[in-house]
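[1] starting from these lines, generate the structure:
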Amino acid sequence: MIRRAGAVLVSSVVVAVVLLVIGLAASQYAAVAVVGALVVLVVGLTVYEPVALPVLAMPALTVVDRVGGESFNLTVSDVALFAATWAAVFLAPRPFSRAMRSMLWLCAVYQVATLFTVLVHPYRQNTVEWVHAGFLIAGALLVGWAVGAAGRARVGLTLFMVPCLVIAGLACAAALQQLAAGALTPVYLDWPWGMHKNLIGPLLASAALLAYARPEWVGWPKWFAVTSFWLCTLGALAAQSRQALVGLGVGLLVVALRPDPDRRRSRLVFLAVIPVMAFVASRVRDDFTGTNEFNSSFVRLTWYEQALDVWRIDPVFGVGLRWWVAGRTEYEFQPPNVELEVLSSVGLLGLTAFLVMIVGGIVVAWRVPARFGTLAVAVLLARFVQSQFDQFWVSVLVSVPYLVVGVCLGAEQYARSREEARRGRGADGTDELRSVVEMLEAERRNVVAGRTRALSGFTA
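    Model (predicted):
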């Protein structure tokens with residue numbers, strides 16, 4: 001009741017503000033009126049379903065198209081995550097589970113440690129990225145929690161999977177066109193928005209893991225999950241993102257090897273993982289044995305050395321977040337390795353906190369019951385493995401794994417609350433039935449006692 005009253009109050013305030021803004025701006029900007037109408041619609045839905053915005057934001061969290069100008073250069077995913085996070089903060093089910101609290105504390109450890117870098121090296125990109133990183137992890141966890149804990153995991157994850165399937169289909173179609181032209185090259189998408197192969201691959205790898213795990217609580221039919229898994233896997237193959245394929249292979253092994261109380265998983269997935277790993281190894285070998293000194297493998301070695309040079313400028317606190325776009329050094333590249341990226345940005349202190357957050361998160365997810373925790377472990381571990389060979393702090397590629405983790409933890413809490421409610425009522429309503437039987441028995445005894453008293457009085 002209190003939650004519903006809070007939703008109505010927040011919604012009323014937001015509607016009033018939005019209507020005022022629309023009234024002032026609609027006469028000059030038609031797009032403002034359209035956006036405002038959508039906002040009012042979402043707010044109206046929130047009155048009936050407090051987590052409407054987090055659920056509806058799920059597909060938008062895959063969109064990497066940029067919005068705004070130079071001063072407001074964010075992805076659609078960032079904007080959707082920002083809005084959905086605040087809705088989750090105020091309207092998501094409470095209390096948090098122990099696992100969810102642990103995840104948020106681990107995020108807080110990293111944020112506090114990196115705050116020293118923000119204070120030591122005060123510049124705009126450093127401060128903005130510090131806030132951004134908090135939303136990518138803690139915000140994604142909260143949004144996922146809101147969806148799962150409200151019992152909307154199936155709807156939310158389906159809405160997330162649909163755009164992934166579209167991207168996978170477009171990647172496969174582009175790969176077929178390139179093969180028909182005799183080119184065995186990685187896929188880069190230009191429509192509906194530009195996507196790099198190293199963005200397509202990890203995103204589809206996370207979607208493939210979700211489809212392969214197919215937790216019972218998601219409620220997907222087998223045909224949908226199997227189709228989604230193979231389409232997303234083929235899309236990742238078409239992108240030829242080697243780090244994504246390695247991460248996917250590791251995640252599949254986790255899901256396949258950890259016992260699941262709801263279903264037995266086929267070990268045939270190993271037959272698919274082995275050739276994929278062989279393909280990746282052969283491509284890397286070709287890079288190092290070839291004559292092209294500027295291929296991705298050789299360039300990475302150079303970047304590793306230069307990232308260490310940057311770290312030596314300030315070993316404890318680093319030179320600042322997103323130093324490669326802020327002109328802080330002579331170099332302008334984002335290190336393609338997570339440890340070097342974090343080390344050069346926030347130093348030894350930040351790297352220690354980062355490893356605590358990642359390793360601690362995997363441990364927390366592993367301790368969650370397998371039907372909920374296995375998928376969370378797989379997506380976190382897959383992302384960490386991917387980032388050994390490429391950049392880590394890329395908006396969608398960070399938020400999506402933590403979004404899935406949040407849904408898993410929320411779904412576990414939802415299942416636990418339903419089980420506790422069921423036990424309170426009694427399995428299959430036996431408590432209510434027992435109460436009725438006891439009431440009828442008491443009534444029968446009263447009737448018998450009354451007849452006995454009447455008979456005694458008559459004989460007397």
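[2] any low-confidence regions in this structure?
    1-48, 68-73, 266-268, 270, 286-295, 425-460 (pLDDT under 70).
[3] what ranges does it have for its strands?
    66-67, 74-75 (DSSP state E).
[4] deepest-packed of those, please.
    Highest mean neighbour count of the strands of the chain: strand 74-75, a mean of 19 (counted as mean count of other Cβ atoms under 10 Å). Yep, even glycine has a C-beta here, placed from its N, CA and C like the rest.
[5] counting by contacts, list what that one packs against.
    strand 66-67 (3 or more Cβ pairs under 8 Å, 6 or more residues apart in numbering; DSSP states H and E).
[6] direction included, what does the strand it packs on pair up with?
    strand 74-75 (antiparallel) (DSSP bridges).
[7] could you dump the strands of the chain to CSV with distance to Gly235?
    Shown next, in CSV, are the strands of the chain (distance: least, Cβ to Cβ, whole Å):
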stretch, distance to Gly235
strand 66-67, 22
strand 74-75, 20
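[8] out of those, which comes closest to Arg328?
    strand 74-75 (21.3 Å; Cβ to Cβ).
[9] report the contact partners of the nearest residue to Phe389 once chain neighbours are set aside.
    In space, not counting the residues next to it along the chain, Phe389 is nearest to Gln243; the distance is 3.9 Å by Cβ to Cβ, 6 or more residues apart in numbering. Counting by Cβ atoms under 8 Å, 6 or more residues apart in numbering, Gln243 makes contact with 198, 201-202, 385-390.
[10] how much space separates the residue nearest to the spatial centre of the chain from Ile137?
    Closest residue to the average C-alpha location of the chain: Leu403 at 1.8 Å, with Cα atoms, centre = their mean. Noted for Leu403: a distance of 10 Å to Ile137, by Cβ to Cβ, to the nearest Å.
[11] over to Arg242?
    25 Å.
[12] same question, Leu53
    19 Å.
[13] residue contacts, the nearest residue to Ser387 once chain neighbours are set aside?
    Once flanking residues are discounted, Ser387 sits nearest to Val338: 3.7 Å by Cβ to Cβ, 6+ apart. By Cβ under 8 Å, 6+ apart, the contact list for Val338 reads 354, 384, 387-388, 391-392.
[14] which of the residues you listed sits closest to Gly327?
    Minimum distance to Gly327 across the contacts of Val338 is 18.8 Å, recorded for Gln391 (Cβ to Cβ).
[15] nearest spatial neighbour of that closest one, skipping sequence neighbours?
    In space, Gln391 is closest to Gln334, 4.9 Å off (Cβ to Cβ, 6+ apart).
[16] hang on, that neighbour packs against Trp323?
    No. The criterion here is Cβ atoms under 8 Å, and Gln334 misses it with Trp323 at 9.2 Å.
[17] the two: which is more packed in?
    A side-by-side neighbour count of Gln334 and Trp323, using other Cβ atoms under 10 Å, places Trp323 first with 24 against 19.
[18] tell me how far that one lies from Ile313.
    Taken as Cβ to Cβ, the span from Trp323 to Ile313 is 9 Å.
[19] which neighbours do these two have in common?
    Joint contacts of Trp323 and Ile313 (Cβ under 8 Å, 6+ apart) are Thr329.
[20] helices of the stretch 201-350 of the chain, residue ranges please.
    Along the stretch 201-350 of the chain, the stretches classed as helices by DSSP state H, counting those that start in this stretch are 222-239, 242-257, 269-289, 296-311, 338-367.
[21] report the angle between the axes of the fourth one and helix 269-289?
    By that I understand helix 296-311. 80 degrees (axes from the mean of the first three to the mean of the last three Cα atoms, to 10 degrees).
[22] can you give me the buried ones in helix 296-311?
    297, 303, 306-307, 310-311 (16 or more other Cβ atoms under 10 Å).
[23] ok, of those, which one's closest to Ala150?
    Closest approach between the buried residues of helix 296-311 and Ala150, by Cβ to Cβ: Ala307, at 42.2 Å.
[24] quick one: contacts for that closest one?
    Applying Cβ under 8 Å, 6+ apart, the residues near Ala307 are 335, 337, 340-341, 343-344.
[25] ditto for Ala326
    123-126, 320.
[26] among those, name the buried ones.
    125-126, 320.
[27] how about those residues in TSV, adding distance to Pro221?
    Output for these, formatted as TSV (distance: Cβ to Cβ, whole Å):
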residue	distance to Pro221
Gln125	46
Asn126	47
Gly320	49
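[28] from those residues, which single one is nearest Gln413?
    Asn126 (35.6 Å).
[29] all helices of the stretch 1-150 of the chain, in order?
    2-25, 30-48, 52-57, 76-91, 98-120, 124-134, 140-149.
[30] backbone dihedrals for Asp390, please?
    For Asp390, the backbone dihedrals (degrees, to the nearest 10) come out as phi -160, psi -180.
[31] can you tell me how far it is from Gly247?
    10 Å.
[32] looking at these two, which is more packed in?
    Neighbours were counted for Asp390 and for Gly247 using other Cβ under 10 Å; Gly247 has more, 30 against 25.
[33] burial check on the nearest residue to Val356 once chain neighbours are set aside, number of neighbours?
    Once flanking residues are discounted, Val356 sits nearest to Val109: 5.7 Å by Cβ to Cβ, 6+ apart. Neighbourhood size, Val109 [other Cβ under 10 Å]: 16.
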